[in-house]
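[1] Mind looking at a prediction? Sequence and model below.
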Amino acid sequence: MPRTAKELGALAVSRLSAPGRHTVGKVAGLALQITPSGARSWVLRITIGERRREIGLGAYPGVSLKEAQEKAQAARDEVVAGTDPVMARREAASRLRAEQALEVTFEEAAKRFIKAKAPEWRNAKHAAQWTNTLTTYAYPTIGKLLVRHVDRSHVVEVLEPIWTTKTETASRVRGRVEAILDWARVNGLRENGINPAAWRGNLEKLLSKPKKTTRVRHHPALPIEQMGDFMTKLRAMDSISARCLEFAILTAARSGEARGATWTEIDLKKAIWAVPGPRMKMQREHRVPLSPAAVKLLKSIERKEDVNLIFPNQRSGSMLSDMALLELMRGQKLEATPHGFRSTFRDWAGEYTNYPRELAEVALAHLKGDATEAAYWRSDVLEKRRRMMIDWAVFIAKPRKAGAVIPINKHG
């Protein structure tokens, strides 16, 4: 232990001005340290175990001589009791930083989650949908709450106002909140336990089942008996939107798949359209056998140099918007949507042909279900599907009188 220096009084300490370390006595190792610039601070030099420590006790005169002596003695008492004050301070600072790292609001956590997951999503629109729904429905209620404090009552407060009036939206919001809270838990921002936004065994006890709350609203479809008349009118229209919609109908494709179709996906010689997985809803390649009507349509389109899209926007050269096809149908005063023609195709295949249900499901690129349907996916049965698409093209090419009996196509 160092010798205790001659004790200085408060007046003597105030007169110290030479740069260096000035021991002040009373508590061994206590000194006033003066820098060349004149800044003064208290330092306690002490040996802890085999280590020599210098412990800062604050600036002078903010910390008086008496206060410095009390702090120095307290530090020495801690050492005698077996505690390293320096390590204790570092541990306290580390705990403080750890606690501050947990001070993440739900909104901040949501933004970090969206940024982390965005590369998995197919387009920027998906991320925008997350942001928009959370901004509208979740942030006003729980956005400023620390994500570790969000509990079941908060989630219910978000969902209840829209659960019966906007059930589908509310269900999406619930799923998104659940995903964000799961992300927060894995990142150490929440404690382990039941996710307060989880449905099973949790919110299902408090909210009505979504399917019981609202009717499922399908895309409005054009009645089968009106298809012939509509196709006649559609084929009389001279626009790229009309050709794109006609192609979507002939192939039973989704609007986005048809609008994004490229010449490199088409093999006119084999009459096959191979849509790559990234452009499909189910993320797997979908081969579409093209009927003669579909091939004729493609051959009628003038291919522009350096433009791979089959149905580009005439002004920008970019992909047509979904509204372009919808506006075309609204111009015919039809309540149906472009997507609704897939339902019309499904009704035709199921009600007016003997083709197996599974064949139509594969044509629509629906997710495979039972073992029988899975077999259709493996073999692809391309030529059977080609006959079906030819029959579909022939069927929709014929206008029919109201009330006329539609014969069943017995090929299949």
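    In hand now; what should we look at? Numbers count the residues shown, from 1 in each chain.

[2] so which strand or helix has the nearest residue to W121 once chain neighbours are set aside?
    Spatial nearest neighbour of W121, excluding adjacent residues (CB to CB, 6 or more residues apart in numbering): A127 at 6.0 Å. All C-beta atoms are positioned from the backbone trio N, CA, C, and that covers glycine. Using DSSP states H and E, A127 sits within helix 124-133.

[3] Name the surrounding residues that touch that helix.
    With CB atoms under 8 Å, 6 or more residues apart in numbering as the contact definition, helix 124-133 has outside contacts at A110, I114, A118, W121, T169, R172, V173, R176.

[4] Next, the contact list for the second one, please.
    Contact criterion CB under 8 Å, 6+ apart gives A127, W130, T131 as the residues in contact with I114.

[5] The third one now?
    When contacts are counted by CB under 8 Å, 6+ apart, A118 touches A124, H126, A127.

[6] Lowest-confidence one in these?
    On pLDDT alone, A124 ranks lowest of the contacts of A118, at 70.

[7] for the stretch 301-412 of the chain, what are the low-confidence residue spans?
    Within the stretch 301-412 of the chain, the stretches with pLDDT under 70 are 367-380, 401-412.

[8] following the helix or strand of the chain with the lowest mean pLDDT, which helix or strand shows up next?
    In the chain, the helix or strand scored least confidently by mean pLDDT, DSSP states H and E is helix 371-379, which has a mean of 57. Downstream of helix 371-379, the first helix or strand assigned by DSSP H and E is helix 382-396.

[9] mind listing what's buried in that next one?
    K384, R385, R386, R387, M388, M389, I390, D391, W392, A393, F395, I396 (16 or more other CB atoms under 10 Å).

[10] Would you map out the domains in this structure?
    Per the record, the chain has its domains at 10-99, 106-213, 224-396, by automatic domain parsing.

[11] Kindly check the end-to-end length of the longest one for me.
    The reference is to domain 224-396. With CA to CA, to the nearest Å as the measure, domain 224-396 spans 8 Å from end to end.

[12] I figured V147 hits V104, correct?
    Yes - V147 lies in contact with V104 (CB atoms under 8 Å); the separation is 5.3 Å.

[13] shared neighbours, those two?
    A184, L189.

[14] neighbour-wise, which of these two wins?
    V147 (25 against 17; other CB atoms under 10 Å).

[15] That one and G20: what is the separation?
    Relative to G20, V147 is positioned 52 Å away (CB to CB, to the nearest Å).

[16] ok so, going back, which of the domains of the chain comes out lowest on mean pLDDT?
    Among these, domain 10-99 carries the lowest mean pLDDT (a mean of 80).

[17] Give me the spatial nearest neighbour of L245, chain neighbours excluded.
    L325 (5.0 Å).

[18] Buried residues, the strand or helix carrying the one you found. List them.
    Per DSSP H and E, L325 falls inside helix 322-331. Using 16+ other CB under 10 Å as the burial criterion, the residues of helix 322-331 that qualify are A324, L325, L326, L328, M329.

[19] again, but for stretch 345-362
    Quick answer for stretch 345-362 (16+ other CB under 10 Å): 345-346, 348-349, 352-353, 355-356, 358-362.
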